[in-house]
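S.K.: Starting from these lines, generate the structure:
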Amino acid sequence: MTPGDLLSFWGTKDPKTEIKKTLLMAGFGLMLSFIAPYGTNDMPLGFWRIIYWVSLLMFGSLVSGPIARWSMPWLSGKLAAAPLLLLGYSAILSVPVFLAVIFTDINFHSLGNTGKWPTLAYAEAFLAATAGSVYEVMVWYAKVVIITYLAIGCISMLINITKPKPEPGQEPVGPPPGYLFLRRLPTSIGQDLLCLQMEDHYVRAYTANGDALVRMRLKDAVAELDGFGGAQVHRSWWVALRAIESVKRDGRRHLIHLKGGIKVPVSKTFSTTLKEHGYL
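M.R.: Residues are numbered from 1 along each chain as shown. Below you'll find the predicted structure:
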């Protein structure tokens, strides 16, 4: 899967995709309840062990969307390979999940040993015995990252394998998306397109190696880039989605930060496009 595919799934705001994601995470939690990693085999197989793992994975699913929309655009600029991007995302997602694990473990331990909900003193004693040093806390957190990475990775692979593939007779033929516009660029700046800016009767094309003016309307340039993986975000700007490192608020507007330090304004008219792609 590409970084855009990963953001589209994990950062989705589509209710149907959210339900699908939650069910898959719950299914992974159910599988963990039978495997019982990290000593959870002490819990009897049944209601409590299933509740423990399924609830933690469903909590992870609940917070995965906002965290993906916040972190993946930034991570994709640093970690291009999908496995590394997922590892970085899993490490960030594991922070709130780790807090949920601590809360859940304290409650399960207290109910199992005393039959009562934990007091503050009980929670402090449990944490002192379980994670009394920075090293023990980091080991505990690393275990959460491993489980999160396995869940995110397995589900991502499943989504990629099961997504519809074109029939043999329907495979795309001809030039790649964006070819009509990219061929207009001088060879000196290459074709690693980052964004376009309208300048009177010209379009200024920015690439990783420089910029150049192309005599055409922005509207026509965007039409020639159909399928390339970009979006018009302002009356005068178009950006390649893979070039987005982050989107930050600047007063009453948003600014897109692209690779190479380019900053692009987002107008209200076109903000819906970024929302659909999970950047806002």
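
S.K.: The residue nearest the centre of the chain and residue 161: what is the separation?
M.R.: Nearest residue to the geometric centre of the chain (Cα atoms, centre = their mean): residue 68, 3.2 Å. Going from residue 68 to residue 161 by Cβ to Cβ, to the nearest Å gives 20 Å. Backbone N, C-alpha and C define where each C-beta goes, glycine included.

S.K.: returning to what we had before: tell me the gap between the host helix or strand of the residue nearest to the centre of the chain and the middle of its chain.
M.R.: Assigned by DSSP states H and E, residue 68 belongs to helix 47-78. Remark: helix 47-78 is offset 10 Å from the chain centroid, using Cα atoms, centre = their mean, to the nearest Å.

S.K.: show me what contacts the residue nearest to the centre of the chain?
M.R.: Going by Cβ atoms under 8 Å, 6 or more residues apart in numbering, residue 68 touches 6-7, 10-11, 89, 93, 278.

S.K.: Out of the residues you listed, the closest to residue 57 would be?
M.R.: Nearest to residue 57 among those: residue 93, at 11.4 Å, using Cβ to Cβ.

S.K.: okay, now the closest one: neighbour count?
M.R.: Residue 93: 25 surrounding residues under other Cβ atoms under 10 Å.

S.K.: One more: residue 221?
M.R.: 21.

S.K.: Before we move on, what's the pLDDT of it?
M.R.: pLDDT, residue 221: 92.

S.K.: and if you look at the one 10 residues further on?
M.R.: The per-residue pLDDT reported for residue 231 equals 90.

S.K.: what sits opposite it in the beta ladder?
M.R.: Residues in a beta bridge with residue 231, per DSSP bridges, are residue 239.

S.K.: coming back round to it: farthest-separated two in the contacts of residue 68?
M.R.: Among these, 93 and 278 lie farthest apart (Cβ to Cβ), at 14.9 Å.

S.K.: any low-confidence regions in this structure?
M.R.: Judged by pLDDT under 70, the chain has its weakly predicted residues at 44-45, 77, 80, 166-175.

S.K.: any idea how it splits into domains?
M.R.: The record assigns the chain these domain ranges, following automatic domain parsing: 3-162, 179-276.

S.K.: Which parts of the protein are helices?
M.R.: Ranges of helices within the chain are 3-10, 15-35, 47-78, 82-114, 120-130, 134-162, 179-182, 218-224, 271-276, based on DSSP state H.

S.K.: How far away from the center of its chain is the fifth one?
M.R.: On the basis of Cα atoms, centre = their mean, the separation between the geometric centre of helix 120-130 and that of its chain is 34 Å.

S.K.: give the contact list for residue 249.
M.R.: Per Cβ under 8 Å, 6+ apart, neighbours of residue 249: residue 255.

S.K.: right, and the helices of the chain - which one's nearest residue 262?
M.R.: Comparing those by Cβ to Cβ, helix 47-78 comes nearest, at 12.1 Å.

S.K.: list the buried ones in that closest one?
M.R.: 49-50, 52-54, 56-57, 59-62, 64-65, 67-77 (16 or more other Cβ atoms under 10 Å).

S.K.: cool, stretch 273-280 as well?
M.R.: So, applying 16+ other Cβ under 10 Å, buried residues of stretch 273-280: 273-274, 277-279.

S.K.: what's the closest non-adjacent residue to residue 248?
M.R.: Closest residue to residue 248 apart from its sequence neighbours, by Cβ to Cβ, 6 or more residues apart in numbering: residue 255 at 5.6 Å.

S.K.: and what of residue 269?
M.R.: Residue 269's closest residue in space is residue 235 (Cβ to Cβ, 6+ apart), at 7.3 Å.

S.K.: How many residues are close by the one you found?
M.R.: Neighbours of residue 235 (other Cβ under 10 Å): 11.

S.K.: No further questions, thank you.
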